[in-house]
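**Student:** structure for the following, please:
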Amino acid sequence: MPDVKHLSEKSDKQLVELLKDGYQKAFEELYVRHSDHLIKLCILFLKNRTDAEDIVHDVFIQIWETRDILNPELSFSGFLNKLTQNRVLQKFRKFDIHSRFIRNLLLNRIDSTNETEDAIIDSDYTKLLNELMDGLPPQQKEIFRLNRIEGLTYQEISELLQISTENVRKHVSLALKKIRKQLLRHTDIHYQSIIGILIFFS
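**Tutor:** Model (predicted):
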């Protein structure tokens, strides 16, 4: 029988391995470890703790139900972020035009029923995101773009730019702080939510 003692000392990878074997205590430890952070992120966009808790609860139900196909070698926190992001986006689907843009932006695809209208919305959101990024120093902007827009990992950026992963991490952290500060001054709640989801959950 696998060692399930001192679960709080185990890595996410070790816990996922135990979870795949059906050990509920490992699942509970993962929930305790990650749920508060995810709930806080959801509240930033939904402005409602109950909705946020419901989303995170549903995400972990999905984790339990699909535990057999989890890959311990992949980032569990990254997987959680993606699942939670998708659930949050569902809450915005009542804003048809805006949600269409979100899906296109995050999934890098075109799935439009009104190309002219979507092109205008696309242009507006892209302009805002570019304006937020333009306030960053050149290297910081490039690292942020590679990580949050292109989806490269810290290690991949490190190898590409020939700098340490810690330096990459620091640049992303500083960029996030500055963009969040700028974003809070934007009065359009749709813009705040959409760009915010892109930034926080990527």
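**Student:** which SSE is Val168 in?
**Tutor:** Assigning secondary structure by DSSP states H and E places Val168 in helix 165-183.
**Student:** buried ones in that helix?
**Tutor:** For helix 165-183, a neighbour-count test (16 or more other CB atoms under 10 Å) marks Val168, His171, Val172, Ala175, Leu176, Lys178, Ile179, Gln182, Leu183 as buried. The C-beta positions use only the backbone N, C-alpha and C, and glycine is treated the same way.
**Student:** what residues does it touch?
**Tutor:** 132-133, 135-136, 139-141, 143-144, 147-148, 154-155, 157-158, 161, 192, 195-196, 199 (CB atoms under 8 Å, 6 or more residues apart in numbering).
**Student:** name the helix or strand of the chain that has the lowest mean pLDDT.
**Tutor:** Lowest by mean pLDDT, DSSP states H and E among the helices and strands of the chain is helix 96-107, with a mean of 50.
**Student:** just give me the closest of the buried residues of helix 165-183 to His37.
**Tutor:** Leu176 (14.6 Å; CB to CB).
**Student:** show the model's pLDDT score for that closest one.
**Tutor:** Looking at Leu176, its pLDDT is 81.
**Student:** distance check, it against Leu15.
**Tutor:** Look at Leu176 and Leu15: by CB to CB, to the nearest Å, they are 27 Å apart.
**Student:** other SSEs contacting the longest helix seen in the chain?
**Tutor:** Counting residues, the longest helix in the chain under DSSP state H turns out to be helix 24-46. Helices and strands touching helix 24-46, by 3 or more CB pairs under 8 Å, 6 or more residues apart in numbering; DSSP states H and E, are helix 12-20, helix 49-65, helix 76-91, helix 189-201.
**Student:** among those, where is the model least confident on average?
**Tutor:** Averaging pLDDT over each of the helices and strands packed on helix 24-46 puts helix 189-201 lowest, since it has a mean of 54.
**Student:** the protein - how does it break down into domains?
**Tutor:** 1-91, 95-202 (automatic domain parsing).
**Student:** quick check: phi and psi at Gly151.
**Tutor:** Main-chain dihedrals, Gly151, degrees, to the nearest 10: phi 80, psi 20.
**Student:** number the chain from 271, please
**Tutor:** All set: I'll call the first residue 271, so the last point we hit is now Gly421.
**Student:** measure how buried it is and give me the count.
**Tutor:** 10 (other CB atoms under 10 Å).
**Student:** Asn400 now?
**Tutor:** A count of nearby residues for Asn400, using other CB under 10 Å, gives 11.
**Student:** name the next helix or strand downstream of the helix or strand where it lies, please.
**Tutor:** Assigned by DSSP H and E, Asn400 belongs to helix 385-404. Once the chain leaves helix 385-404, the next helix or strand it forms, by DSSP H and E, is helix 408-414.
**Student:** next, the angle from the very next helix or strand once past that following helix to helix 435-453.
**Tutor:** As assigned by DSSP H and E, the chain's next helix or strand after helix 408-414 is helix 424-431. Per axes from the mean of the first three to the mean of the last three CA atoms, to 10 degrees, the angle that helix 424-431 makes with helix 435-453 is 100 degrees.
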